[in-house]
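> Have a look at this prediction, sequence included:
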Amino acid sequence: MMPRKFTPKLCACGCNEMTKGGEFLPGHDVRLLGAIVRRVGGVAKLRVIVEIAINDVIVVNQITNGD
């Protein structure tokens, strides 16, 4: 089996660094998400923005204790 060849590309976070083929450098997805959350004013506000953009409600599955 031949090793996979990776095509370097720019990190999607906007840092202008090259990945080894993935969308983000390690940890940069979290850095981008944090920057977005801070910019819009919190996770709840981000949820509203996304729900408006996709014209749908985001449902979080609730964890039950077996009752």
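Cool, got the structure. Numbers count the residues shown, from 1 in each chain.

> tally of neighbours for C13?
19 (other C-beta atoms under 10 Å). In short, each C-beta sits where N, CA and C put it, glycine included.

> okay but it is in contact with L25, surely?
Yes: in this structure C13 lies within contact range of L25 using C-beta atoms under 8 Å: 7.4 Å.

> measure the closest residue to E23 other than its chain neighbours to M18 for me?
Excluding the flanking residues, the one nearest E23 by C-beta to C-beta, 6 or more residues apart in numbering is A12, at 4.8 Å. According to C-beta to C-beta, to the nearest Å, A12 and M18 sit 12 Å apart.

> Which of the helices or strands spans the nearest residue to V43 once chain neighbours are set aside?
In space, V43 comes closest to V37 once its chain neighbours are excluded; the distance is 5.7 Å by C-beta to C-beta, 6+ apart. V37 belongs to helix 28-40 when assigned by DSSP states H and E.

> Which strands or helices does that helix pack on?
helix 43-54 (3 or more C-beta pairs under 8 Å, 6 or more residues apart in numbering; DSSP states H and E).

> Could you list the residues in contact with the helix it packs on?
Residues outside helix 43-54 that contact it (C-beta atoms under 8 Å, 6 or more residues apart in numbering) are I36, V37, V40, V57, I58.

> change it to 10 Å
By C-beta atoms under 10 Å, 6 or more residues apart in numbering, the surrounding residues in contact with helix 43-54 are L33, I36, V37, R38, R39, V40, G41, G42, D56, V57, I58, V60.

> For the protein, give me the ranges with low pLDDT.
Low-confidence segments of the chain (pLDDT under 70): 1-3, 66-67.

> ok, 50 please
Counting by pLDDT under 50, the chain shows no low-confidence range.

> got a list of what T19 touches?
So T19 contacts F6, T7, P8, K9, L10, C11, A12, C13, L25, P26, H28 (C-beta under 10 Å, 6+ apart).

> okay if I get those residues as TSV plus secondary structure?
Shown next, in TSV, are the contacts of T19 (DSSP: H, G, I helix; E, B strand; the rest coil):
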residue	secondary structure
F6	coil
T7	coil
P8	coil
K9	coil
L10	strand
C11	coil
A12	coil
C13	coil
L25	coil
P26	coil
H28	helix
